[in-house]
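Participant: can't give you the sequence, but here's the structure:
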């Protein structure tokens, strides 16, 4: 429970950092936290945290509730599934998983918004989405040293 509380506080802090320090194209720090939480915790807790963080993102965007909630839930489910099927989690695997989850996240969010609202992404340049994925992967690399999933970290030292 303590771990979940710390990660929820980190999610609020990540939203604040994203809104204060980044412009249009920003890394998805929430997705990085969801992936790290899914690696360290069980499937049920991971799905709860992913859904909560997605709802938090949807509520702060003020546009539409659902796309981020679905995408973060799927990211937590897939990350946990990948973690269960791997023998060792490394920095390279971490970056690859975060990059793939970021691509899936962008596709789900853009598709959901296009289907359920009048906003069309068909004529939109994809360079912003590509930069978003790259920035998210770099953020995952940087946060890997802080939230290292297997060897203990500042949140759970010695685990």
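Facilitator: Ah, there it is. Just so we're clear, the structure is a prediction, and the values are computed from it rather than from any experiment.

Participant: what separation is there between the residue most central in space within the chain and residue 99?
Facilitator: Compute the mean C-alpha point of the chain, and by C-alpha atoms, centre = their mean the closest residue is residue 31, 0.7 Å away. According to C-beta to C-beta, to the nearest Å, residue 31 stands 10 Å off from residue 99. Every C-beta, even on glycine, is put in place using the N, C-alpha and C of the backbone.

Participant: pull up the overlap in contacts between those two.
Facilitator: Counting by C-beta atoms under 8 Å, 6 or more residues apart in numbering, the contacts common to residue 31 and residue 99 are residue 136.

Participant: what's in contact with the helix or strand containing the residue nearest to the centre of the chain?
Facilitator: Assigned by DSSP states H and E, residue 31 belongs to helix 29-40. Here helix 29-40 makes contact (C-beta under 8 Å, 6+ apart) with 3, 7, 10-11, 14-15, 17-18, 45-46, 49-50, 53-54, 56-57, 68, 72, 75-77, 79-80, 83, 89, 94, 97-98, 101-102, 105, 136, 139-140, 143, 147, 149-150, 156.

Participant: one more: stretch 97-117?
Facilitator: With C-beta under 8 Å, 6+ apart as the test, stretch 97-117 has contacts from 28, 31-32, 34-35, 63-64, 66-68, 70-72, 74-75, 78-79, 82, 119-122, 129, 132-133, 136-137, 140.

Participant: ok, and for it, which residues are buried?
Facilitator: Going by neighbour count (16 or more other C-beta atoms under 10 Å), the buried part of stretch 97-117 is 97-103, 105-106, 108-110, 112-113.

Participant: re earlier: I'd like the next helix or strand past the helix holding residue 31.
Facilitator: Counting by DSSP H and E, the element after helix 29-40 in chain order, helix or strand, is helix 43-61.

Participant: so which elements touch the helix or strand following that next one?
Facilitator: Note on helix 43-61: by DSSP H and E, the next helix or strand toward the C-terminus is helix 67-85. Contact partners of helix 67-85 among helices and strands, from 3 or more C-beta pairs under 8 Å, 6 or more residues apart in numbering; DSSP states H and E: helix 29-40, helix 43-61, helix 91-116.

Participant: so how far is helix 67-85 off the chain centroid?
Facilitator: Between the centre of helix 67-85 and the centre of its chain there are 9 Å (C-alpha atoms, centre = their mean, to the nearest Å).

Participant: also stretch 121-132?
Facilitator: On C-alpha atoms, centre = their mean, the centre of stretch 121-132 falls 19 Å from that of its chain.
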